[in-house]
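Enquirer: model this:
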Amino acid sequence: MYFIAAALVLLILLLAAILFRLPLVSDCFPLSAARRRLGYWRLCDAMAIVGVWFFLPGFLFPLCDRLPKPPAIEKMSQILDESSSLDSGELARLSREHPLTQVFVLARRVEHGGWLIVSSLLVGCLLVPVTEEFVFRIVLQRTLVSLLSPPQRWARLSAIVFSALLFAGIHVRGTGPIRPETFTRMATALLTSGPLGAVLTLAFGWLWLRPLRRRGADILFRPDLDLRLIGRGLLAGAGAFLLFLPALRLMEIGLNRLFPNVVTDPIPLFFFALFLGILADRSGRLAPSVGMHISLNCFSFFLLAARSCV
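Expert: Coordinates of the predicted model:
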């Protein structure tokens with residue numbers, strides 16, 4: 001599913017880049033030839049960064065998979081393999097959770113699993129929100145908005161909806177049984193090649209976009225170099241999350257009751273991504289959407305920990 005979503009994203013961007021070059025399509029946009037060429041290369045820039053983000057962890061995984069497996073992960077796999085360790089209801093609930101939360105729950109049952117809990121918290125609550133907001137808000141949404149000058153309202157709305165659909169699409173997952181050998185490889189990837197790929201993607205994307213910023217391209221938001229602005233933006237995002245939280249929770253509870261055997265996360269996440277896109281577009285900065293995204297992931301881990309302690 002992951003690589004299918006990656007191929008779909010790159011295919012859509014490639015088709016957009018090709019269509020943007022065709023006279024029949026480009027004549028519909030009130031842009032000069034130079035502006036159309038700039039838009040074409042911006043789409044190519046977005047394809048390069050998104051491609052690295054999707055495929056780099058897959059290339060790094062064979063290297064990380066050769067490393068010795070931590071004993072805690074092996075013990076977690078043994079728990080899944082022993083039918084007496086988890087009852088059927090608990091196993092069914094666990095299969096509906098995100099892979100990172102599966103690591104979080106099972107790590108609480110093994111000795112020396114504290115570092116796995118800390119690692120999953122750092123990856124899920126810090127690294128993932130920053131990377132995803134960089135890719136979806138700056139690389140995708142802002143690239144699509146910057147194709148038109150001045151950007152029309154319909155173009156901005158289309159970019160927000162398109163980015164939100166892709167964001168919801170990459171969170172689609174099944175509810176099949178968790179196999180111990182599959183869990184071992186998945187946990188290893190999430191805690192090794194996944195974070196390493198995310199850090200390298202952020203570094204690659206920033207270095208790739210810096211020349212465009214020097215030439216005056218508006219592919220990037222206004223840079224948040226002031227720590228006070230970053231702090232205010234993160235707090236503003238956390239406050240926006242508190243306003244959005246009641247509607248999000250009501251939607252999640254209602255969908256889970258209507259479809260108890262289906263993972264319905266992509267539907268509320270689509271509306272959440274819409275809110276993130278509007279927040280980033282209106283503020284012109286990335287920190288508020290990152291703060292809102294971090295707040296959601298932290299709240300999800302806190303809710304999961306509270307449920308597992310009951």
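
Enquirer: so H112, which of the three states?
Expert: Secondary structure assignment for H112 (DSSP: H, G, I helix; E, B strand; the rest coil): coil.

Enquirer: A187: which element?
Expert: helix 180-188 (DSSP states H and E).

Enquirer: so after that helix, what's the next helix or strand?
Expert: helix 194-214.

Enquirer: for the helix holding A187, packing partners?
Expert: When contacts are defined as 3 or more Cβ pairs under 8 Å, 6 or more residues apart in numbering; DSSP states H and E, helix 180-188 sits against helix 33-65, helix 71-81, helix 99-107. Just so you know, the C-beta spots here come from the backbone N, C-alpha and C atoms, and that holds for glycine as well.

Enquirer: Those into a markdown table, with extra columns for mean pLDDT?
Expert: Output for those, formatted as a markdown table (pLDDT from 0 to 100):
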| stretch | mean pLDDT |
| --- | --- |
| helix 33-65 | 75 |
| helix 71-81 | 76 |
| helix 99-107 | 79 |
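
Enquirer: Specify the stretch among the ones you listed that is closest to R285.
Expert: helix 33-65 (19.2 Å; Cβ to Cβ).

Enquirer: Who are the packing partners of that closest one?
Expert: Using 3+ Cβ pairs under 8 Å, 6+ apart, helix 33-65 sits against helix 2-21, helix 142-145, helix 180-188, helix 194-214.

Enquirer: what's the angle between that helix and helix 194-214?
Expert: 160 degrees (axes from the mean of the first three to the mean of the last three Cα atoms, to 10 degrees).

Enquirer: Can you pull out the low-pLDDT segments for the chain?
Expert: Within the chain, the stretches with pLDDT under 70 are 1-41, 82-92, 95, 147-152, 174-177, 210-226, 307-310.

Enquirer: try 80 this time
Expert: 1-45, 47, 64-102, 104-114, 143-155, 172-184, 207-227, 260-263, 284, 304-310 (pLDDT under 80).

Enquirer: can you tell me which residue is nearest the centre of it?
Expert: Most central in the chain under Cα atoms, centre = their mean is E132, positioned 3.8 Å from the mean C-alpha point.

Enquirer: List the residues that contact that one.
Expert: 167, 293 (Cβ atoms under 8 Å, 6 or more residues apart in numbering).

Enquirer: Nearest residue to V110 in space, ignoring adjacent ones along the chain?
Expert: K75 (4.3 Å; Cβ to Cβ, 6 or more residues apart in numbering).

Enquirer: do L116 as well
Expert: In space, L116 is closest to A107, 3.9 Å off (Cβ to Cβ, 6+ apart).

Enquirer: ok, L245 touching F299?
Expert: Yes. L245 lies in contact with F299 (Cβ atoms under 8 Å); the separation is 7.2 Å.

Enquirer: from what I can see A287 touches I230, true?
Expert: Yes. Look at A287 against I230 with Cβ under 8 Å: they come within range, at 5.0 Å.

Enquirer: which of the two has more neighbours?
Expert: With neighbours defined as other Cβ atoms under 10 Å, A287 and I230 compare such that A287 has more, 21 against 16.
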